[in-house]
Structures are given as structure tokens and as C-alpha cells.
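Undergrad: Generate a structure from the sequence data that follows.
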Amino acid sequence: MPWTSRWVDIEPSRSQLDPPRVDIVRVEPSAAIERKPEPTVSPQVKLLALISIGMALTLATIEFLFRRTAAG
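TA: Predicted coordinates:
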């Protein structure tokens with residue numbers, strides 16, 4: 001069998017301009033699935049808040065400790 005004869009049985013490709021037909025069915029959402037959106041805080045904001053609180057507490061502690069030694 002020659003090499004060119006092997007490809008004769010292959011179907012021609014479909015045209016790109018002719019998209020496949022798909023039936024679209026509209027589905028109403030169930031009441032049990034619906035949830036109200038909850039405000040969320042990203043992990044980056046939480047981390048930034050924790051770092052800020054930590055720095056403020058550190059600075060307040062240092063100020064409290066050294067203020068007593070400098071005033072006396």
C-alpha cells in the first residue's frame with residue numbers, strides 16, 4: 001500500500017465558520033444554594049494589620065522602658 005493511499009479514509013475537517021450546535025438550557029438557581037455575599041478580608045490585609053499592631057506595641061514598649069530611665 002503506498003503512503004498516500006493511507007490517508008484517503010480520513011474525514012475532511014469541519015469548517016471553522018460552522019460551529020457545532022449546542023442546546024442551551026436555562027436552569028433556575030435553587031433557593032437552598034443561594035447565599036448572600038459576605039464581606040471578606042484578604043490574607044494580605046490581615047497580615048498587614050498584624051504587622052502594624054506588632055510594630056506599634058514594640059515601639060510603645062521601648063518608649064515606656066526608656067522614658068523611665070532617661071527621666072530619673
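Undergrad: so where do the helices sit in this protein?
TA: 43-71 (DSSP state H).
Undergrad: low-scoring stretches of it, by residue?
TA: 1-20, 29-34, 68-72 (pLDDT under 70).
Undergrad: could you redo the last one with a cut-off of 50?
TA: In the prediction, the chain carries no residues with pLDDT under 50.
Undergrad: Give me the distance between L48 and M55.
TA: L48 sits 11 Å away from M55, going by Cβ to Cβ, to the nearest Å. For every residue, glycine as well, the C-beta is placed using N, CA and C.
Undergrad: What of L47?
TA: 13 Å.
Undergrad: And S42, by the same measure?
TA: S42 is 20 Å from M55, by Cβ to Cβ.
Undergrad: and if you look at E63?
TA: Look at E63 and M55: by Cβ to Cβ, they are 12 Å apart.
Undergrad: same deal with F66?
TA: Taken as Cβ to Cβ, the span from F66 to M55 is 17 Å.
Undergrad: try I62
TA: As judged by Cβ to Cβ, I62 and M55 stand 11 Å apart.
Undergrad: Then A49?
TA: Taking Cβ to Cβ, one finds A49 at 11 Å from M55.
Undergrad: How about L65?
TA: Taken as Cβ to Cβ, the span from L65 to M55 is 16 Å.
Undergrad: cool, K36 as well?
TA: 36 Å.
Undergrad: Compare the two (neighbour count), which wins?
TA: Taking neighbours as other Cβ atoms under 10 Å, K36 and M55 compare with M55 leading, 10 against 4.
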